[in-house]
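[1] Here you go, sequence then predicted model.
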Amino acid sequence: MSTHTVEFVGTGETIEVAETETVLDAAIREGISQEYSCRVGMCLACSAKIVDGDVTQPAARGLTEAETEDYALTCMARPQSDLKLERGAYPPSIEIESDSKSVADD
C-alpha cells in the first residue's frame, strides 16, 4: 500500500496518507483540525485548493468537473501523489450558490 505526504500550506502541518484513505480521515487520525460537515462530498465545508499533486475523488459531487482539477474535498480525496493543500479555499461554484440564495431571499 502506497502512502503519500500531504502538506497543509500556511500551517506547515504534514501527514502521511495511504492511497486507500481520505485526507480528512488521516487528518482526524493525526489530530489536525480540519473543517467538515456532511462527509459525503456535497457541502464543500472541507474544501481545499490543490497547490501541488494529484488526488482521486470520484464521489465529490459538490464540485463541478472543472473544479476537481484545482480543488479537493478532503472527505472524498484520496492522494495519488504527494500533495500540498490550502485549507479553507473554496471553489467558485460556492460563491455562485451563495449569490443565488441572497437573490432568492430578497
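    Done, it's in.
[2] which residues sit in contact with the closest residue to Glu13 other than its chain neighbours?
    Excluding its sequence neighbours, the residue lying closest to Glu13 (CB to CB, 6 or more residues apart in numbering) is Ile32, at 5.5 Å. Glycine gets a C-beta too; all of them are placed from N, C-alpha and C. Applying CB atoms under 8 Å, 6 or more residues apart in numbering, we find Ile32 in contact with 8, 13, 15.
[3] Excluding chain neighbours, what is closest to the most centrally placed residue in the chain?
    Nearest residue to the geometric centre of the chain (CA atoms, centre = their mean): Leu73, 2.7 Å. With CB to CB, 6+ apart as the criterion, Leu73 has its nearest non-adjacent residue at 4.5 Å, and that residue is Ala60.
[4] Now do that neighbour against Glu21, distance only.
    Separation of Ala60 from Glu21 (CB to CB, to the nearest Å) stands at 15 Å.
[5] I'd say Pro91 and Leu63 touch.
    Yes: contact criterion CB atoms under 8 Å: Pro91 and Leu63 qualify, at 5.9 Å.
[6] ok so, going back, compare Ala60 and Glu21 and say which is more crowded by neighbours.
    Each of Ala60 and Glu21 has its neighbours counted (other CB atoms under 10 Å); Ala60 has more, 25 against 15.
[7] where are the low-confidence patches of this structure?
    Along the chain, segments meeting pLDDT under 70 span 96-106.
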